[in-house]
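Participant: using only what follows, build the 3D model:
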Amino acid sequence: MAFEVNYFHQRVVSEIESWPVDVLADYARLIELLMEHGPSLRLPHSRAFGDGLFEVRPRGRSGIGRAFYCFLMGKRVVVLHAFIKKSQQTPDKDLSLARKRLKEVQSCQS
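Facilitator: I've put the predicted structure just below:
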């Protein structure tokens with residue numbers, strides 16, 4: 001059974017849809033891999049940040065995108081936050097927002 005992908009909020013979808021076409025195409029490819037492989041998806045496609053937070057790592061000629069996600073019971077994936085990277089390091093504000101949303105989603109699961 002494949003994993004189902006949901007989004008934390010419509011704003012996350014809008015952010016992803018605003019990405020450059022080449023980064024968006026790679027994101028679509030990676031989400032398909034995520035749906036097929038779930039938690040088995042690893043670097044270079046996906047990276048764990050600990051405490052149940054992961055990132056999918058789309059890229060293209062025009063930039064690098066990042067989308068934080070988590071897994072929920074019942075083979076569900078929730079994309080929590082997405083952005084285009086402007087530097088090597090993931091900005092603290094983006095990581096903090098993803099962790100805050102992760103806690104929100106996990107508290108609704110209990």
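Participant: so what pLDDT did Ala67 get?
Facilitator: Per-residue confidence at Ala67 stands at 98 (pLDDT).
Participant: element containing it?
Facilitator: Ala67 belongs to strand 63-72 when assigned by DSSP states H and E.
Participant: what's the answer for Val13, then?
Facilitator: Since the elements are taken from DSSP H and E, Val13 ends up inside helix 10-17.
Participant: name the helices or strands packed onto the following helix or strand past that helix?
Facilitator: Toward the C-terminus, helix 10-17 is succeeded by helix 21-37 as the next helix or strand (DSSP H and E). With contacts defined as 3 or more CB pairs under 8 Å, 6 or more residues apart in numbering; DSSP states H and E, the packing partners of helix 21-37 are strand 4-7, helix 10-17, strand 53-56, strand 59-60, strand 63-72, strand 76-85. Glycine gets a C-beta too; all of them are placed from N, C-alpha and C.
Participant: does Val13 really touch Tyr7, like I thought?
Facilitator: Yes: using CB atoms under 8 Å, Val13 is in contact with Tyr7, at 5.0 Å.
Participant: so if I had to pick from the two, which one is more boxed in?
Facilitator: The neighbour count for Val13 versus Tyr7, taken as other CB atoms under 10 Å, is higher for Tyr7 (19 against 13).
Participant: which residues are in contact with that one?
Facilitator: With contact set as CB atoms under 8 Å, 6 or more residues apart in numbering, Tyr7 has these partners: 13, 78-79.
Participant: which among those residues gets closest to Ser46?
Facilitator: Within these, the smallest distance to Ser46 is 12.1 Å, found for Val79 (CB to CB).
Participant: is it true that the closest one touches Arg66?
Facilitator: No: in this structure, Val79 sits apart from Arg66 without contact. The criterion is CB under 8 Å, and the distance is 10.8 Å.
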